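Pasting the sequence and the predicted model now:
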Amino acid sequence: MSDRPETGLIAGLRAVETLLNRVLAGVAVTLLTLSVLLAFVSVVLRYIFGSSWSIIEELCRFFIVYATLLYFGPLITRNAHLTMSIVTDMMPKRVYRFFDLGLHVLLVVLLAGLFWAAWQWEAGLYAMGLTTMSGEMKAWVPSAALPVGVGIALFYAVLRVVYRVADAPLSLAGGVKE
């Protein structure tokens, strides 16, 4: 790890990452809050007014799915995920850096393939004009969470590769070994 201050491309990428982290966190919290509020409305409608709207229940589920998939990306560069690090903890820092680089190059390839497949699936749903179980929402709307979330995760995985190639320090959130 280098002790030089970040400038140029890496500093610009960090600024973009920081802004995107804040936006995605705000969107995720908003979606989770909306899900809770809609669940409350659904309970009130069902038990006080004897009415149940399936679209509200669908929205609750979809908001949670969107929030989860949208925030998958920031967890990549923060290394904030569950790991079994017994082997990597024993690696010298330089070896760990190249091991981590290799893993994240593989992650970029896998996410790119998943993004392409999700995009094709989404295009198929749109072309068929399918609706969700309530019949009130087009099926591509909730399923768009997958290509959007995977696309954002792909961006973050590429950031992680760029940081490793540039020997830039990683965020210390999530216990990154730097």
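Received, thanks.

And the most centrally placed residue in the chain, how far from Ala11?
Centroid-nearest residue in the chain, with Cα atoms, centre = their mean: Phe72, separated by 2.3 Å. Distance, Phe72 to Ala11, using Cβ to Cβ, to the nearest Å: 25 Å. Placement of C-beta: from N, CA and C, glycine included.

Likewise for Thr77?
Thr77 is 15 Å from Ala11, by Cβ to Cβ.

Which one of these two is surrounded by more residues?
Each of Thr77 and Ala11 has its neighbours counted (other Cβ atoms under 10 Å); Thr77 has more, 26 against 12.

residues contacting the closest residue in space to Leu107 that isn't next to it in sequence?
Spatial nearest neighbour of Leu107, chain neighbours left out: Ala157 (4.7 Å); criterion: Cβ to Cβ, 6 or more residues apart in numbering. Ala157 makes contact with 73, 76, 104, 107-108, 111 under the criterion Cβ atoms under 8 Å, 6 or more residues apart in numbering.

Of these, just say which sits nearest to Ser51.
Closest to Ser51 out of these is Gly73 (38.3 Å), distances taken as Cβ to Cβ.

Show me how far the strand or helix carrying the closest one is from its chain's centre.
Assessed by DSSP states H and E, Gly73 sits inside helix 72-78. Relative to its parent chain, helix 72-78 has a centroid offset of 7 Å by Cα atoms, centre = their mean, to the nearest Å.
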